[in-house]
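Visitor: got a sequence here, can you build the structure:
(one chain, ligands or ions: 1)
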Amino acid sequence: MEIQDWEKHYEDAYMIITRSLKDIRGVFVAYNSNIDAIKRLNEDEIRKLIGILGCSTIQEQVTQYPREIKDPVDLMARLVISMRDGKAAEVPTYNTDIHEWLMDNLGFDRARMGGQAGIMSNLLANLGIQNVITYVPWLSKEQAEYFVDSPNLRHPAVEGGNLVLKHPKEVYDHQLKPKVNWILEYSKGTNVCCAGECFTVPRDNRLIISSRPDWLHIDMSNELYERLPQIRQGIDGALLAGYQMIKEEYDDGTTYSYYVEKAVNVITRLKQCNPRMQIHVEFTSIQNRVIRKAILTDIVKKHATSLGLDTVEVANALNVLGYEELAFAVMSKDEKSVVALYEGAVRLLKDLQLQVVNIHSLGHYISLVSRDHPVDVEGHRDALLFASILAATQASIGHINSIDDTKEGLEVPVYDKGHEDLGSLATYLVRKGVCSMDEFESGCINAMGHSLVIVPTKVVDKPTGTVGIGDAISAGAFIALLTKIKDKGEKCPEHT
Ligand code: ADP
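Guide: Presented below is the predicted three-dimensional model:
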């Protein structure tokens, strides 16, 4: 299919989906919201921070490559490594000392909503979804301020024994402290000198310091858990993210199994009267292999209906599931990678017993769909196209404050390279007999028990912002699919 034909599909999908968003009764979104404190570093500031700690101490720690930030030296070591290589990194810190040190010695330029669940909740509310029920286990006063002020965005609470849904600002827990992640951005060309060694930053990128204080639990109070059936009445699906916060061991002696079980119980309860309810889990990079595997095999498998990931995350997931070679091929830079991506998606779909695997990369998105999913291939294709429009909007104007904003994304042209990659995957799949060229272009339903939908995406040449695009893709594809599911499941008595 030529690029102009894809553009036509984009317009049609956009029209159909934007018109039907009002048909969605609601979406439940949990768990991770935080505040992102963003600071763009200049040379003077970097010099000042290095000066406070001393170059030799930092250099020593650079060779140790700290995987967790325990003190300012660890922080500066990871910053130097990230700047030297021009590579983005995310490193956890388990107390709030670093936050205080950064506040005292640096400060931030601006702050915004962060965390996959927080970003997706605000996006859905801004798109006008009727009933967005967001849930943050650590809803502090400060955190509540970062949710959009919109009557369709509400957080559950129990008041006088009854479930209430109110704006987060009305139901926060005043005893809780905010979870603040720092995003330290740096620019290409910045000169950094430390202990006589100087380098120039090769590209714009960022170091994220992800705050994981001990009180951060992926959890739900019993009284709220008991009342989940009432929440279930008003929703057609759930978007779940943030499981990467689960730790292997906690100071009180509990282990990850306890929180994994609780996470599964929430999903089971949401699906209790409607086993077909769509439950999407948004994946992310998780360094700890035990937790990565537990999320996939204990939470996602059998319980979730769909999983969203980017290319690197596909490789990471395949790796812990025992497909090291395939994982390696996914990360290769040649045309084999797009083929490995398809094969990896098949493994994820089958091994994790999913209905949909959504993979986004720069240039194309793939949905692999099981035979029992209620939406046809055209519906899945529309969903991916809509997701791409949201991504392009986010990249080009840096925000999506209303459905009107998304017209910007529709204007962005389809990316040539993504269109070419599609060609190489098509050639391979036709050769392997998975589907014919025609089928491939309109979404291919094959004899192996699953369908494959792949679309070239709209890519913004000089993006204004790159944060939260992955979340916009997953949330966009999810709600677009919900508009296509007409059978909303049986009515469920409130008390079950
Ligand atoms: P994040 O979670 O920070 O958003 P992800 O890796 O999950 O990061 O998602 C990034 C995705 O955003 C890429 O896979 C790509 O599809 C999309 N993307 C990145 N840059 C652009 C751009 N300039 N225009 C359109 N889409 C983009």
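
Visitor: for the longest helix along the chain, packing partners?
Guide: Longest helix in the chain by number of residues (criterion: DSSP state H): helix 377-397. Under the contact definition 3 or more Cβ pairs under 8 Å, 6 or more residues apart in numbering; DSSP states H and E, helix 377-397 sits against helix 3-20, strand 356-361, strand 364-370, helix 407-411, helix 437-442, strand 450-456, helix 469-484. Every C-beta, even on glycine, is put in place using the N, C-alpha and C of the backbone.

Visitor: so which bits of the third one are buried?
Guide: Within strand 364-370, the residues that qualify as buried are His364, Tyr365, Ile366, Ser367, Leu368, Val369, Ser370, counting by 16 or more other Cβ atoms under 10 Å.

Visitor: about what we covered before: next, the angle strand 356-361 makes with the longest helix of the chain.
Guide: 30 degrees (axes from the mean of the first three to the mean of the last three Cα atoms, to 10 degrees).

Visitor: buried ones in helix 377-397?
Guide: So for helix 377-397, counting by 16+ other Cβ under 10 Å, buried means 377-397.

Visitor: for Leu224, the count of nearby residues, please.
Guide: Number of residues near Leu224 (other Cβ atoms under 10 Å) recorded here: 17.

Visitor: and it, what element?
Guide: Secondary structure from DSSP states H and E places Leu224 in helix 222-226.

Visitor: what comes up buried for that helix?
Guide: Result for helix 222-226 [16+ other Cβ under 10 Å]: buried residues Leu224.

Visitor: next, the residues that contact that helix from outside, please.
Guide: Pro156, Ala157, Val158, Leu163, Asn265, Val266, Arg269 (Cβ atoms under 8 Å, 6 or more residues apart in numbering).

Visitor: how about these, which pair is most distant?
Guide: Across the contacts of helix 222-226, no pair lies farther apart than Ala157 and Asn265, at 19.6 Å, counting by Cβ to Cβ.

Visitor: which of these two has more neighbours?
Guide: Between Ala157 and Asn265, counting by other Cβ under 10 Å, Ala157 is the more crowded of the two (21 against 14).

Visitor: please confirm that the more buried one is located within a strand.
Guide: Yes: with DSSP: H, G, I helix; E, B strand; the rest coil as the criterion, Ala157 is assigned to a strand.

Visitor: ok, it - contacts?
Guide: Leu163, Val164, Leu165, Lys166, Val171, Leu224.

Visitor: any idea which of the helices and strands packed on helix 377-397 scores lowest on pLDDT?
Guide: Ranked by mean pLDDT, these bottom out at helix 437-442, which scores a mean of 74.

Visitor: can you tell me how far the closest residue to Asp298 other than its chain neighbours is from Glu248?
Guide: In space, and not counting its chain neighbours, Asp298 is closest to Val260: 5.0 Å by Cβ to Cβ, 6 or more residues apart in numbering. Between Val260 and Glu248 the computed distance is 11 Å (Cβ to Cβ, to the nearest Å).

Visitor: neighbour-wise, which of the two wins?
Guide: Using other Cβ under 10 Å as the criterion, Val260 and Glu248 rank with Val260 on top: 19 against 11.

Visitor: pretty sure the more buried one contacts Lys293?
Guide: No: using Cβ atoms under 8 Å, Val260 makes no contact with Lys293, being 10.7 Å away.

Visitor: strands of the stretch 251-400 of the chain, start to end?
Guide: Taking DSSP state E, counting those that start in this stretch as the test, the strands found in the stretch 251-400 of the chain are 278-282, 306-310, 356-361, 364-370.

Visitor: and which of the contacts of helix 222-226 is nearest the ligand?
Guide: Val266 (22.9 Å; Cβ to the nearest ligand atom).

Visitor: which residues touch the closest one?
Guide: Ala30, Met220, Tyr225, Leu228.

Visitor: what's the farthest-apart pair in these?
Guide: The widest separation within the contacts of Val266 (Cβ to Cβ) is 11.8 Å, between Ala30 and Tyr225.

Visitor: pick the one among the buried residues of strand 364-370 closest to the ligand.
Guide: Tyr365 (7.0 Å).

Visitor: so what's that closest one bridging to?
Guide: Going by DSSP bridges, Tyr365 is paired in beta bridges with His360, Val455.

Visitor: that one and Val357: what is the separation?
Guide: From Tyr365 to Val357 the distance is 11 Å (Cβ to Cβ).

Visitor: Asp461 now?
Guide: The gap separating Asp461 from Val357 is 29 Å, by Cβ to Cβ.

Visitor: re the thing from before, turn the contacts of Val266 into a markdown table, columns for distance to Val148 and secondary structure.
Guide: Below are the contacts of Val266 laid out as a markdown table (distance: Cβ to Cβ, whole Å; DSSP: H, G, I helix; E, B strand; the rest coil):
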| residue | distance to Val148 | secondary structure |
| --- | --- | --- |
| Ala30 | 17 | strand |
| Met220 | 23 | coil |
| Tyr225 | 26 | helix |
| Leu228 | 24 | helix |
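
Visitor: quick check on those residues: which are buried?
Guide: Ala30, Met220, Leu228.

Visitor: residues near Ile473, how many?
Guide: Neighbour count of Ile473, defined by other Cβ under 10 Å: 25.

Visitor: right, and it touches Leu390 too?
Guide: Yes: Ile473 sits in contact with Leu390 when judged by Cβ under 8 Å, with a separation of 6.8 Å.

Visitor: neighbour count winner among Asp461 and Val357?
Guide: Taking neighbours as other Cβ under 10 Å, Asp461 and Val357 compare with Val357 leading, 25 against 9.

Visitor: got a list of what the more buried one touches?
Guide: With the criterion set at Cβ under 8 Å, 6+ apart, Val357 makes contact with Ser306, Leu307, Leu309, Ala345, Leu348, Leu349, Ile366, Ser367, Leu368.

Visitor: same thing with His174?
Guide: Per Cβ under 8 Å, 6+ apart, neighbours of His174: Ser140, Lys141.

Visitor: so it versus Ile38, what's the distance?
Guide: Counting by Cβ to Cβ, the gap from His174 to Ile38 is 26 Å.

Visitor: got it, and Asp376?
Guide: 42 Å.

Visitor: so which of the contacts of Val357 is the closest to Leu53?
Guide: Looking across those and measuring by Cβ to Cβ, the closest to Leu53 is Leu309, at 37.0 Å.

Visitor: how many neighbours does that closest one have?
Guide: 25.

Visitor: so how far is the ligand from it?
Guide: 8 Å (Cβ to the nearest ligand atom, to the nearest Å).

Visitor: and if you look at Asn152?
Guide: 23 Å.

Visitor: same question, Leu349
Guide: 19 Å.

Visitor: wait, what's in contact with that residue?
Guide: Val356, Val357, Leu368, Ser370, His450.

Visitor: and the last one, how far is that from Gln355?
Guide: As for His450, its distance to Gln355 is 9 Å (criterion: Cβ to Cβ).

Visitor: overlap in contacts of the two?
Guide: In contact with both His450 and Gln355: Val369, Ser370, using Cβ under 8 Å, 6+ apart.

Visitor: near the ligand, which residues of the protein are found?
Guide: 310, 360-362, 391-392, 395, 459-460, 463, 466-471 (Cβ under 6 Å from any ligand atom).

Visitor: wait, Met1 sits on Glu441?
Guide: Yes: between Met1 and Glu441 there is a contact at 4.6 Å, judged by Cβ under 8 Å.

Visitor: residues near Glu170, how many?
Guide: Residues near Glu170, counting by other Cβ under 10 Å: 12.

Visitor: which one is Val377 nearest to, not counting chain neighbours?
Guide: Closest to Val377 by Cβ to Cβ, 6+ apart is Gly443, at 3.0 Å.
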